[in-house]
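**Student:** The amino acid sequence is not available; the structure is as follows:
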């Protein structure tokens, strides 16, 4: 999402409140920048918008994939093809196995948010774990008189993410998303 009037760019991450944030800020911006640094025009666009405030929202990868599992489970119920959580984690797409689904669901945060020069592209990071306070900070930074209401869009209902993992699936996510875990300081709780 980009707003020329308020000079901001929001880069959403799937299953990290991106739809909720975009909905709350919808009157101020237009679509765009929804794929991070892998968009074809990222480097030319960011040069044009160098003075814009860039922010994103991130989420603990173990939590993100429990949410993704329950979100995708909603659509699988209609097709009758439900899978166990362990199978879901074991079959996360890779860039090589299924580029489209990898691109949209299983890229690391670092693949989306660190550019080819190794620079983190956001000026501010909303952490899902601190969503309301961080969103208020963004609203304040952008000069909005009062924080906008943040709707809860695309909500999934489930227990704490740790209850869905066994040692094997926990380690699989830890290995695959090591760059995110290290860069953003996430831990399995």
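**Tutor:** That came through fine. Here the structure is a predicted model, which means the values were calculated and not measured.

**Student:** Adjacent strands (with direction) for the longest strand anywhere in the chain?
**Tutor:** Counting residues, the longest strand in the chain under DSSP state E turns out to be strand 53-58. Applying DSSP bridges, strand 53-58 is found paired with strand 8-11 (parallel), strand 124-127 (parallel).

**Student:** Quick one: neighbours of residue 68, just the number.
**Tutor:** The number of residues packed near residue 68 is 20, by other CB atoms under 10 Å. To be clear about C-beta, it is placed using only N, CA and C from the backbone, and glycine gets the same treatment.

**Student:** Roughly how far does the residue nearest to residue 114 when sequence neighbours are not counted sit from residue 108?
**Tutor:** Counting by CB to CB, 6 or more residues apart in numbering, residue 114 lies nearest to residue 120, which is 5.6 Å off, once chain neighbours are set aside. According to CB to CB, to the nearest Å, residue 120 stands 13 Å off from residue 108.

**Student:** go on, residue 171?
**Tutor:** Distance, residue 171 to residue 108, by CB to CB: 16 Å.

**Student:** Compare neighbour counts for those two and give me the winner.
**Tutor:** Comparing residue 171 with residue 108 by neighbour count (other CB under 10 Å), the higher total belongs to residue 108, at 16 against 12.

**Student:** ok, now which ones touch the more buried one?
**Tutor:** Applying CB atoms under 8 Å, 6 or more residues apart in numbering, we find residue 108 in contact with 61, 176-177, 179-180.

**Student:** Name the spans of the protein whose pLDDT lies under the cut-off.
**Tutor:** 29, 31-46, 72-83, 146-148, 151, 153-154 (pLDDT under 70).

**Student:** can you map out the helices along it?
**Tutor:** Assigned by DSSP state H, the chain shows helices spanning 18-24, 42-48, 61-79, 85-90, 99-101, 109-113, 131-141, 167-176, 178-184.

**Student:** Please tabulate those helices in TSV, including the columns distance to residue 5.
**Tutor:** Shown next, in TSV, are those (distance: least, CB to CB, whole Å):
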stretch	distance to residue 5
helix 18-24	16
helix 42-48	16
helix 61-79	31
helix 85-90	41
helix 99-101	34
helix 109-113	24
helix 131-141	15
helix 167-176	39
helix 178-184	31
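
**Student:** I'd like to know which of these lies nearest to residue 11.
**Tutor:** Between residue 11 and the helices of the chain, the shortest gap by CB to CB is with helix 109-113, which sits at 7.0 Å.

**Student:** From the contact counts, what lies against that closest one?
**Tutor:** Helix 109-113 sits against strand 53-58, helix 178-184, with contacts defined as 3 or more CB pairs under 8 Å, 6 or more residues apart in numbering; DSSP states H and E.

**Student:** hey, which of those is tucked in deepest?
**Tutor:** Across the helices and strands packed on helix 109-113, averaging neighbours per residue (mean count of other CB atoms under 10 Å) puts strand 53-58 on top, at a mean of 22.

**Student:** Nice, that's everything, thank you.
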